[in-house]
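Visitor: build me a model from this:
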Amino acid sequence: VCGTAFRIRRVPLMFLGGMLVYRFLLRAIIPGGELNTLLYTAGLSLLLANLALFVWTGDYRTIKLTYALAPMRPFGIAVPVPLALAFGLAIVITAALYLFLARTDLGRAIRATSQNPEAAALMGVNVDRISMVTFGLGSALAGAAGVLLAPSLYLYPTVGEILIAKCFVIVVLGGLGSVVGAIAGGVLLGLVESLGAVYVSVAYKDTIGFVIFLLVLLFRPSGLFGVGKS
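Guide: Alright, predicted model coming up:
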């Protein structure tokens with residue numbers, strides 16, 4: 001637990017790093033539209049992953065924790081301690097994010113900028129600054145997720161690719177811009193994958209999740225739990 005808490009302290013550095021990336025790399029790309037931004041950030045992700053491969057190679061690494069040697073067994077079900085700890089902290093972080101976006105002036109400014117940048121600017125919101133803060137916040141949350149999941153994974157530079165795909169699936173399932181929808185989408189995807197692993201095959205659990213994703217895109221593009229933006 002102390003090791004996880006120590007690594008969590010590095011998350012503010014991710015916030016600062018995200019703000020710097022936005023200020024010096026993304027700021028000039030944003031006016032080009034969402035597609036240009038998506039392609040640019042995808043290319044940036046590939047660049048960083050390959051730089052990491054060059055520096056640290058693709059060898060698998062693990063984080064060994066003394067408290068993770070034996071799983072918990074509530075009701076006879078084996079639950080790995082790192083995953084249980086990650087789940088608990090994720091609930092706390094998600095609740096804090098929801099309260100921040102719903103109850104603070106900065107959170108309301110972020111939501112307003114996301115929904116309508118022009119109207120937010122007319123109301124006195126510094127859209128460029130809010131966008132930079134938002135990107136920094138997203139980077140910090142990604143860093144926190146990495147810290148929480150690292151003890152449960154084999155680590156290598158491209159380990160995040162499948163996780164990024166699943167994050168996209170969760171966002172689409174829940175509805176773009178909805179924190180509550182993202183929670184519901186994450187729980188739904190986890191249940192679908194777990195049940196698929198038990199009743200179909202572990203080898204196809206990821207495939208089942210992506211099939212659900214395609215069905216949602218086909219029949220309800222706005223997501224299961226919202227209209228796309230809250």
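
Visitor: which stretches of this structure form strands?
Guide: Assigned by DSSP state E, the strands in the chain number zero.

Visitor: run through it and note the low-pLDDT ranges.
Guide: Low-confidence segments of the chain (pLDDT under 70): 1-9, 68, 177, 225-230.

Visitor: in the chain, which spans are helices?
Guide: Residue ranges of the helices in the chain, as given by DSSP state H, are 2-8, 11-21, 34-56, 81-103, 105-115, 117-122, 127-149, 160-174, 179-199, 205-219.

Visitor: the last one - contacts with which helices or strands?
Guide: In terms of contacts (3 or more Cβ pairs under 8 Å, 6 or more residues apart in numbering; DSSP states H and E), helix 205-219 is packed against helix 160-174, helix 179-199. C-beta: built from backbone N, CA, C; applies to glycine.

Visitor: keeping just the C-alphas, turn the first one into PDB.
Guide: So the one you mean is helix 160-174. The C-alpha trace of helix 160-174 is given here as PDB (Å, rounded to 0.1, in the frame of the first residue of the first chain):
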ATOM      1  CA  GLY A 160      -1.500   0.400 -22.800                       C
ATOM      2  CA  GLU A 161      -2.700  -0.200 -26.400                       C
ATOM      3  CA  ILE A 162      -5.400  -2.700 -25.500                       C
ATOM      4  CA  LEU A 163      -6.300  -0.600 -22.400                       C
ATOM      5  CA  ILE A 164      -6.800   2.500 -24.600                       C
ATOM      6  CA  ALA A 165      -9.100   0.500 -26.900                       C
ATOM      7  CA  LYS A 166     -11.100  -0.600 -23.900                       C
ATOM      8  CA  CYS A 167     -11.300   2.900 -22.600                       C
ATOM      9  CA  PHE A 168     -12.700   4.000 -25.900                       C
ATOM     10  CA  VAL A 169     -15.300   1.200 -25.800                       C
ATOM     11  CA  ILE A 170     -16.300   2.300 -22.200                       C
ATOM     12  CA  VAL A 171     -16.700   5.900 -23.200                       C
ATOM     13  CA  VAL A 172     -18.900   5.000 -26.200                       C
ATOM     14  CA  LEU A 173     -21.000   2.600 -24.200                       C
ATOM     15  CA  GLY A 174     -21.700   5.200 -21.500                       C
END
